[in-house]
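Novice: got a sequence here, can you build the structure:
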Amino acid sequence: MVVSIHDVSTVNRETVVRMLEDLAGVGVGKTSLLVIPNHHHKGEANLDRFFGAWLRDMVSHGHEAVLHGFFHLRPAQEDDGLSTRLTTRFYTAGEGEFYDLSFEEARSLLHHGKQVLFACGVTPSGFIAPAWLLSPEAERAVREEGFDYTTKIASVIDCKRRVEFSSRSMVYSVRSNWRRSVSLLWNGMLFQLLRNTSLLRIGLHPPDWEHDAIRRHVLGCIRLAAKARRVETYREWLDHWRSEG
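Specialist: Presented below is the predicted three-dimensional model:
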């Protein structure tokens, strides 16, 4: 089982700390932390010495730092078609930063993002796009920038071997009452469907912890799964998968 916390940044570090404490209480002592280098243009993470020290401490205790976009935003564009508007505005509320980037745009952000995390004292081996939205050219840039892996909502991709492992991630949507209700039903069914898969992925976001029903559901699923599964980071899972393949 891999539990990932998305959107980790200087903006929400205190919430992430609470999440990690709760997760440790149900058997998850290590996670993949998806770090935004400059969350919504509010300042690069390396300029916050407390955040950098905390992130290094988390990595030293077994967690993994993963590069997660750069600003995490995709500004709306006048020529966006219906499909693009549905994906980048309705599905992800303007957060699909890598959805339609060119190779050059993506590579520049990836390189800059790595530099920010290096300055924080950590070296990411994985990149995961905001909302898992990754254009083909951006995916090529991920490989060219030397990342070992990336993930999408339904797969984990080994960038070195160019092999894709099918694995659906659980994830919750909490922006409205109806989304939360649907998320609880959907993830309850999905958890049952995934109970016997070789890899169980659970993706969390800091706003999940603002809603008690979501938080309880997440922790209940994880408590059950942790009794029968080895808890790993994406980096550890990839290493094991490669050695077994």
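
Novice: tell me where the chain has helices.
Specialist: Under the criterion DSSP state H, helices of the chain are mapped to 13-25, 49-60, 82-85, 103-120, 136-144, 177-194, 212-226, 234-244.

Novice: just to check, V231 is in contact with G27?
Specialist: Yes: contact criterion C-beta atoms under 8 Å: V231 and G27 qualify, at 6.7 Å. Yep, even glycine has a C-beta here, placed from its N, CA and C like the rest.

Novice: so the two - more neighbours on which side?
Specialist: Just comparing V231 and G27: by other C-beta atoms under 10 Å the higher neighbour count belongs to V231, 20 against 17.

Novice: how far out from the middle of the chain is stretch 137-152?
Specialist: From the chain centre to the centre of stretch 137-152 is a distance of 14 Å (C-alpha atoms, centre = their mean, to the nearest Å).

Novice: same question for it, mean pLDDT?
Specialist: Average pLDDT, stretch 137-152: 96.

Novice: now do stretch 115-122
Specialist: 98.

Novice: go on, stretch 25-45?
Specialist: 96.

Novice: could you export it as CSV, CA atoms only?
Specialist: Output of stretch 25-45 as CSV, limited to C-alpha atoms (Å, rounded to 0.1, in the frame of the first residue of the first chain):
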residue,chain,number,x,y,z
GLY,A,25,-2.0,5.9,14.4
VAL,A,26,-3.5,3.5,11.9
GLY,A,27,-0.3,1.8,10.8
VAL,A,28,1.2,4.1,8.1
GLY,A,29,4.6,5.3,9.2
LYS,A,30,5.8,6.4,5.8
THR,A,31,4.1,8.2,2.9
SER,A,32,5.0,9.8,-0.4
LEU,A,33,4.8,13.5,0.2
LEU,A,34,3.9,15.4,-3.1
VAL,A,35,5.6,18.7,-2.7
ILE,A,36,4.6,21.9,-4.5
PRO,A,37,7.7,24.1,-4.9
ASN,A,38,5.8,27.4,-5.1
HIS,A,39,2.2,26.9,-4.1
HIS,A,40,0.0,29.3,-6.0
HIS,A,41,2.9,31.8,-6.3
LYS,A,42,3.1,32.2,-2.6
GLY,A,43,6.8,31.8,-2.3
GLU,A,44,9.4,29.1,-3.1
ALA,A,45,9.6,26.4,-0.5
